[in-house]
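Asker: sequence and computational prediction follow.
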Amino acid sequence: MSDFFKNPLSTSSPDSAARKQAIMDQVRNELAQANAQQLMNNMNERCFKACVTKPGDSLSSSEQTCLTRCLDRFMDTFNAVSRTYVARLAKERSESDSTPSL
Amino acid sequence: MADVPKFDEATQKELANFLEKEQTQAKLHSTIHSLTTMCWDKCITGTPSTRFSRGEESCLNHCVDRFLDTSIFLVKQIQDRRDH
């Protein structure tokens, strides 16, 4: 690796910078994976419950249709909830900034 | 593990800040997951279709805000009882 890419302000060795970056990447990756895993688990549980009412030999085509729709609706719900919750947080925060609490 | 040199102080601080930020973010995500499942269970009553029914849509749109209102309302009730 060329020194050209190194931040001239950084006093730590390139090895330390690389280790720091590796740690940050790993933390980000693992959290993203846990987040996706959680979403999949929740969706799997709900869509199985909603679409596979009587488990048979295999997933019927109507069950598969239902599952496909369920996936889309679950993502819609997740996105709507994220949007509303983040908006509410921002609103509560701006209100508590303008009116100092007692 | 023992042979790995320590990070300098600035890097340690940067990593601590980074972890705190990621932790806040993770907590936010965890809340969003639990609100999603709670509102899904409450609002989605029919078989999943190509779109939400009108009732489901309206329920979903209000679910998060009313849940948070509920939480604030209950805290106020408890505070009022303590004050009297």
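Answerer: Thanks, I have the structure now. Values in this document were obtained by computation on a predicted structure and should not be read as measured data. Residues are numbered from 1 along each chain as shown, chains lettered A, B, ... in the order given.
Asker: what does chain A put close to chain B?
Answerer: By Cβ under 8 Å from any Cβ of the partner chain, the residues of chain A that approach chain B are A:11-12, A:16, A:19-20, A:23-24, A:27-28, A:31, A:34-35, A:38-39, A:42, A:46-47, A:50-51, A:66, A:69-70, A:72-74, A:76-78, A:80-82, A:84-86, A:88. Heads up, the C-betas are built off the backbone N, CA and C, glycines and all.
Asker: element containing residue 65, please.
Answerer: No chain was given, so I picked chain A. helix A:61-98 (DSSP states H and E).
Asker: wrong one, I was asking about chain B
Answerer: Here B:D65 is assigned to helix B:54-83, by DSSP H and E.
Asker: show me what counts as buried in that helix.
Answerer: B:56, B:59-60, B:63-64, B:67-68 (16 or more other Cβ atoms under 10 Å in any protein chain shown).
Asker: can you name every helix or strand that the longest helix anywhere in chain B contacts?
Answerer: Assignment by DSSP state H gives helix B:9-43 as the longest helix of chain B. The helices and strands touching helix B:9-43, judged by 3 or more Cβ pairs under 8 Å, 6 or more residues apart in numbering or on different chains; DSSP states H and E, are helix A:14-51, helix A:61-98, helix B:54-83.
Asker: of all these, which lies closest to B:T31?
Answerer: The minimum distance between B:T31 and the helices and strands packed on helix B:9-43 falls on helix A:61-98, with 6.9 Å, by Cβ to Cβ.
Asker: hang on, the earlier thing: the helix holding A:T65 to helix B:54-83, inter-axis angle?
Answerer: Orientation note: helix A:61-98 sits at an angle of 40 degrees relative to helix B:54-83 (axes from the mean of the first three to the mean of the last three Cα atoms, to 10 degrees).
Asker: in chain B, which residue is most central in space?
Answerer: B:T31 (2.0 Å; Cα atoms, centre = their mean).
Asker: neighbours around the nearest residue to A:R73 once chain neighbours are set aside, how many?
Answerer: Setting aside the residues directly before and after it, A:R73 is nearest to B:P48 in space (Cβ to Cβ, 6 or more residues apart in numbering or on different chains), at 4.9 Å. A count of nearby residues for B:P48, using other Cβ atoms under 10 Å in any protein chain shown, gives 22.
Asker: same check on B:K6?
Answerer: The local packing of B:K6 (other Cβ under 10 Å) involves 8 other residues.
Asker: now chain B against chain A: closest residue?
Answerer: B:P48 (3.8 Å; Cβ to the nearest Cβ).
Asker: per-residue pLDDT of that residue, please?
Answerer: For B:P48, the pLDDT comes out at 95.
Asker: secondary structure class for it?
Answerer: coil (DSSP: H, G, I helix; E, B strand; the rest coil).
Asker: just want the most central residue of chain A.
Answerer: Central residue of chain A (Cα atoms, centre = their mean): A:N35, at 4.4 Å.
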